[in-house]
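Colleague: Sequence plus the predicted model coming up.
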Amino acid sequence: MKRILLADAGSTKVEWALISQAGEIENTIVVSGLNALLAEQDEVKRAFISVAQNFQGDQRIEEIHYYGAGCATQSICSKMETALSDVWSDAECHVHSDLVGAARSLFGNRKGIACILGTGSNSCLYDGSGIISQIPSLGYILGDEGSGAALGRRLIGDAFKEQLPQNVKEAFLEEFHLTLEEILNRVYKSPSPNSFLASFVPFLKKNLWNPYVYSLVLRELTRFVRRNVAMYPGAHSLEVSFTGSIAFHFDRILREAASSLGYCVSTVTESPMPGLINYHKSNDK
């Protein structure tokens with residue numbers, strides 16, 4: 001097989017893995033997140049130059065597959081391919097959406113409903129070769145149900161609209177030391193409000209013992225299943241699998257949410273990368 005560099009790029013982190021011609025993992029690194037929709041061309045190129053320093057060697061990289069958050073249109077994919085080619089001029093560069101990456105990772109060459117639950121959320125119907133149907137994510141303002149951003153948004157809203165139990169609200173204010181003004185500035189004026197909102201998820205996980213917090217997470221994950229998974233034709237007869245930090249850390253509640261609507265979750269992974277490595281080892285020979 002070719003010497004292949006893979007990237008799984010989310011808004012919070014980007015995982016890179018280099019696969020040798022023998023199909024072995026030569027090197028892996030994790031760097032800061034990158035959303036292709038929000039990042040400027042110069043910012044993308046600088047990030048790639050920094051990454052390239054970790055993958056220098058005698059043998060050239062022959063092929064790059066970049067699976068990225070925000071790679072939703074051909075123009076954005078072209079922007080990312082140009083930046084990759086500027087840095088790795090000898091490599092054949094391919095840019096795909098993070099959703100294609102999730103589907104290939106979870107199902108390989110099988111059919112199923114692939115879902116991402118991380119900082120953002122997304123889903124698609126995959127036929128074993130490509131995406132044949134997709135309910136749009138709509139982003140953290142209009143959609144992203146079940147995501148870290150959505151969970152953080154609900155937690156903050158409930159805290160300041162006096163919906164949280166008093167002891168949970170006090171713990172929230174004590175842990176983060178944020179005023180309402182500071183939160184509003186971070187949400188409405190910062191460059192990465194979705195990541196900021198998702199940063200509150202560890203607090204939710206730590207306080208799942210509280211029935212209100214548990215119910216908050218369950219309701220939001222149920223919203224994802226109802227507004228996304230359930231919209232695909234024949235969904236009840238298909239495999240449904242998830243990847244992403246939210247799916248992984250709230251695995252039990254996610255399965256409860258899906259079961260309440262008549263769905264059985266097959267696989268939950270924290271990251272698409274292990275599955276992507278297997279996919280390319282099997283399909284790039």
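Modeller: Okay, I see it. Residues are numbered from 1 along each chain as shown.

Colleague: what are the ranges of the strands in the stretch 51-200 of the chain?
Modeller: 63-68, 92-97, 112-117, 121-126, 131-133 (DSSP state E, counting those that start in this stretch).

Colleague: What mean pLDDT does the third one get?
Modeller: Going back to what we said before, that points to strand 112-117. For strand 112-117, the mean per-residue pLDDT is 96.

Colleague: go on, the last one?
Modeller: Strand 131-133 comes out with an average pLDDT of 94.

Colleague: Report the buried residues of that strand.
Modeller: Ile131 (16 or more other Cβ atoms under 10 Å). Where C-beta positions appear, they are placed from N, C-alpha and C, glycine not excepted.

Colleague: who's in contact with Ala149?
Modeller: Applying Cβ atoms under 8 Å, 6 or more residues apart in numbering, we find Ala149 in contact with Thr119, Gly120, Tyr140, Pro193, Asn194, Ser195, Leu197, Ala198.

Colleague: how about a cut-off of 6 Å?
Modeller: Thr119, Tyr140, Asn194, Leu197, Ala198 (Cβ atoms under 6 Å, 6 or more residues apart in numbering).

Colleague: Same check on Ile49?
Modeller: By Cβ under 6 Å, 6+ apart, the contact list for Ile49 reads Val87.

Colleague: sorry, back to before: let me have the strands of the stretch 51-200 of the chain in CSV, extended by distance to Phe242.
Modeller: Listed next are the strands of the stretch 51-200 of the chain as CSV, based on distance: least, Cβ to Cβ, whole Å:
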stretch, distance to Phe242
strand 63-68, 16
strand 92-97, 16
strand 112-117, 5
strand 121-126, 9
strand 131-133, 16
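
Colleague: can you tell which of these is closest to Ser85?
Modeller: Between Ser85 and those, the tightest spacing by Cβ to Cβ is seen for strand 92-97, at 5.2 Å.

Colleague: what does that closest one contact?
Modeller: Glu63, Ile64, His65, Tyr66, Tyr67, Cys71, Cys77, Met80, Glu81, Leu84, Ser85.

Colleague: again, but for stretch 54-70
Modeller: So stretch 54-70 is in contact with 2-11, 18, 29, 35-37, 84, 88, 90-96, 98, 101, going by Cβ under 6 Å, 6+ apart.

Colleague: Provide a ChimeraX selection command restricted to the buried entries of those residues.
Modeller: Selection of buried members from the contacts of stretch 54-70 for ChimeraX, criterion 16+ other Cβ under 10 Å:
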select :3,4,5,6,7,8,9,10,11,18,35,36,84,88,91,93,95,96,98,101
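
Colleague: Filter the contacts of stretch 54-70 down to the ones in helices?
Modeller: Leu84, Asp98, Gly101 (DSSP state H).

Colleague: Tell me the one of those nearest Glu220?
Modeller: Taking the ones in helices among the contacts of stretch 54-70 together and measuring to Glu220 by Cβ to Cβ, the closest member is Asp98, at 20.3 Å.

Colleague: give the contact list for the closest one.
Modeller: Tyr67, Gly68, Ala69.

Colleague: that older thread, dump the contacts of strand 92-97 into JSON lines; add distance to Leu208 as well.
Modeller: Converted to JSON lines, the contacts of strand 92-97 look like this (distance: Cβ to Cβ, whole Å):
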{"residue": "Glu63", "distance to Leu208": "42"}
{"residue": "Ile64", "distance to Leu208": "40"}
{"residue": "His65", "distance to Leu208": "36"}
{"residue": "Tyr66", "distance to Leu208": "35"}
{"residue": "Tyr67", "distance to Leu208": "30"}
{"residue": "Cys71", "distance to Leu208": "33"}
{"residue": "Cys77", "distance to Leu208": "38"}
{"residue": "Met80", "distance to Leu208": "37"}
{"residue": "Glu81", "distance to Leu208": "42"}
{"residue": "Leu84", "distance to Leu208": "40"}
{"residue": "Ser85", "distance to Leu208": "46"}
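
Colleague: Show me which of those has the smallest pLDDT value.
Modeller: Lowest pLDDT among the contacts of strand 92-97: Cys71, 86.

Colleague: That one: how many residues sit nearby?
Modeller: By other Cβ atoms under 10 Å, the residues close to Cys71 number 24.

Colleague: Likewise for the one 10 residues further on?
Modeller: Residues within reach of Glu81, counting by other Cβ under 10 Å, total 16.
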